[in-house]
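Novice: pasting the sequence and the predicted coordinates here, then a few questions.
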Amino acid sequence: MKILFYQWHSFMNEGVERAWKQLGIEYDTLFYQQSDWEVDDGIVDLLEKKLKQKKYDMVFSINYAPLVSMVCEREQVRYVSWVYDAPIHIRNIETMKNSCNRIFFFDRIQAEKYKKQGIAAYHMPLAADVETFSRYTAKCDDQTDISLVGKLYQTEYQYYMGPLNTYQRGYLDGILQAQMKVYGGYFLGDLLDDALLQELNACYQKASNGEVAVTKAELEYMMACEITGRERYLALAVLSSHHAVRLYSTDKDARLDKVEYMGYADYYKQMPEIFKSSRINLNISLKIIQSGIPLRVFDILGCGGFLLTNFQAEMPEYFTIGDDFVVYESIEDLYAKADFYLRNESERNRIARHGFETVQKYYTFRQQIEKIIRAAE
């Protein structure tokens, strides 16, 4: 088998490359950073030349690239992608129906949704890059109690509430409040029906002289980000009032004056040291991830870090909650469990070690890539 690995500035590249080598699979890499996933002649020309120069059995990429699929369909080469984002940020899903595609989603519900639309969609949990992360050690002189690596998800939600009447604003905010209280269940999309969307767009059209309208997908994503932003803000506010908390992000919120802002953390150069040096690492999933286990969970466990996370429906299928990591069920529960495990180092270390051993045994890139290759045949 010969594989062309199309790369961009994504996570997981090193782990995937190592898996090809460990499995004895011949591969070449093609790097190109697309400016637009759906309109970029550069990748089309480059990929077409590459496929004409050498025969490949498969083109592989992290996340799904519509233009890559278009070229592979034309050249009759199988295209396999492994998606770690939810949702996929493309405007038109028509290319996903191409016969060349085999698309693997980390979120089972997302995979099932696309499969019902005639897309060759599969479910495949993500992996831990244990070998790459093992190059890094904890900074004993720079430890902190609690760390969060990720966005604050500051949205334009309030801007979009402006043109709406009191009832509409109250209804949408009620949905937000209800969804925030449900951990492990997702109903936001079901409550945004066509009738509601027509009402909202009538207000937006009137306020903007016909220039502004939103689709259901856009509104759902914005609201999911708003919920996530609110949850992350509350978590950081509560925890930082009692413990040392660091946020690794390009985002800032002046209200979080007790949080230590550390700036952006590079995935390969800084992130492993952060997870290893933090007594507690937080995962607060983007709300639109309906069932899947985010990459951040595998990253923390793969670094041997202690993980305190919200619940995701697929977690009990692949991990033992309480042995591999700890799950919180509310902001109050988050604070109580963070306080408990900061005071119980031996139990914290036991769980971190067990989580590391689990991903090392079952969820390496070699194991997951091998499953993908078998399923994609």
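Specialist: Sure, I can see it.
Novice: in three-state terms, label residue 326 for me.
Specialist: strand (DSSP: H, G, I helix; E, B strand; the rest coil).
Novice: that one contacts residue 311, doesn't it?
Specialist: No. Residue 326 is not in contact with residue 311 according to CB atoms under 8 Å; the separation is 10.6 Å. All C-beta spots, glycine's among them, are computed from the backbone N, C-alpha and C.
Novice: can you give me the end-to-end distance of stretch 239-253?
Specialist: 15 Å (CA to CA, to the nearest Å).
Novice: can you list contacts of that stretch?
Specialist: 144-154, 233, 236, 256, 258-265, 270-271, 274, 278, 334-335, 338-339, 342 (CB atoms under 8 Å, 6 or more residues apart in numbering).
Novice: and residue 326 and residue 311? Which one has more around it.
Specialist: When residue 326 is set against residue 311 and neighbours are counted by other CB atoms under 10 Å, the residue ahead is residue 326, at 22 against 16.
Novice: so where do the strands sit in the stretch 251-377 of the chain?
Specialist: 260-261, 278-283, 307-310, 326-328 (DSSP state E, counting those that start in this stretch).
Novice: in CSV: the ones you listed, plus distance to residue 64 and mean pLDDT.
Specialist: As requested, the strands of the stretch 251-377 of the chain are exported to CSV (distance: least, CB to CB, whole Å; pLDDT from 0 to 100):
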stretch, distance to residue 64, mean pLDDT
strand 260-261, 33, 96
strand 278-283, 24, 98
strand 307-310, 26, 98
strand 326-328, 30, 98
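Novice: and residue 170, which of the ones you listed is closest to it?
Specialist: strand 307-310 (26.1 Å; CB to CB).
Novice: now the strands of the stretch 251-377 of the chain in JSON lines, with distance to residue 14?
Specialist: Formatted as JSON lines, the strands of the stretch 251-377 of the chain follow (distance: least, CB to CB, whole Å):
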{"stretch": "strand 260-261", "distance to residue 14": "28"}
{"stretch": "strand 278-283", "distance to residue 14": "20"}
{"stretch": "strand 307-310", "distance to residue 14": "21"}
{"stretch": "strand 326-328", "distance to residue 14": "28"}
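Novice: relative to strand 278-283, how tilted is the helix or strand that contains residue 145?
Specialist: Here residue 145, judged by DSSP states H and E, is contained in strand 144-149. Orientation check (axes from the mean of the first three to the mean of the last three CA atoms, to 10 degrees): strand 144-149 against strand 278-283 gives 30 degrees.
Novice: now the farthest one out in the chain, which residue is it?
Specialist: Going by CA atoms, centre = their mean, the residue of the chain most distant from its centre is residue 209, 36.4 Å out.
Novice: how near is that one to residue 139?
Specialist: Remark: distance between residue 209 and residue 139 (CB to CB, to the nearest Å) = 56 Å.
Novice: now do the helices in the stretch 51-200 of the chain.
Specialist: 66-75, 108-115, 130-133, 157-161, 166-180, 188-191, 194-207 (DSSP state H, counting those that start in this stretch).
Novice: show the contacting residues for residue 99.
Specialist: 73, 120.
Novice: for the one 3 residues further on, same thing?
Specialist: Contacts for residue 102 were tallied using CB under 8 Å, 6+ apart; they are 78-81, 120, 122, 375-376.
Novice: that one and residue 266, how far apart?
Specialist: Distance from residue 102 to residue 266, by CB to CB: 31 Å.
Novice: go on, residue 301?
Specialist: Counting by CB to CB, the gap from residue 301 to residue 266 is 20 Å.
Novice: between those two, which is the more surrounded one?
Specialist: Neighbour count, other CB under 10 Å: between residue 301 and residue 266, residue 301 has more, with 29 against 9.
Novice: how deep is the nearest residue in space to the more buried one that is not next to it in sequence tucked in, by neighbour count?
Specialist: Nearest non-adjacent residue to residue 301, counting by CB to CB, 6 or more residues apart in numbering: residue 355, 4.2 Å away. Under the neighbour criterion other CB under 10 Å, residue 355 is assigned a count of 27.
Novice: tell me the contacts of residue 355?
Specialist: Residue 355 touches 300-301, 304, 306-307, 319, 323-325, counting by CB under 8 Å, 6+ apart.
Novice: state the distance from the closest residue to residue 26 other than its chain neighbours to residue 59.
Specialist: Leaving aside its chain neighbours, residue 26 sits nearest to residue 2 (4.9 Å; criterion: CB to CB, 6+ apart). Residue 2 sits 10 Å away from residue 59, going by CB to CB.
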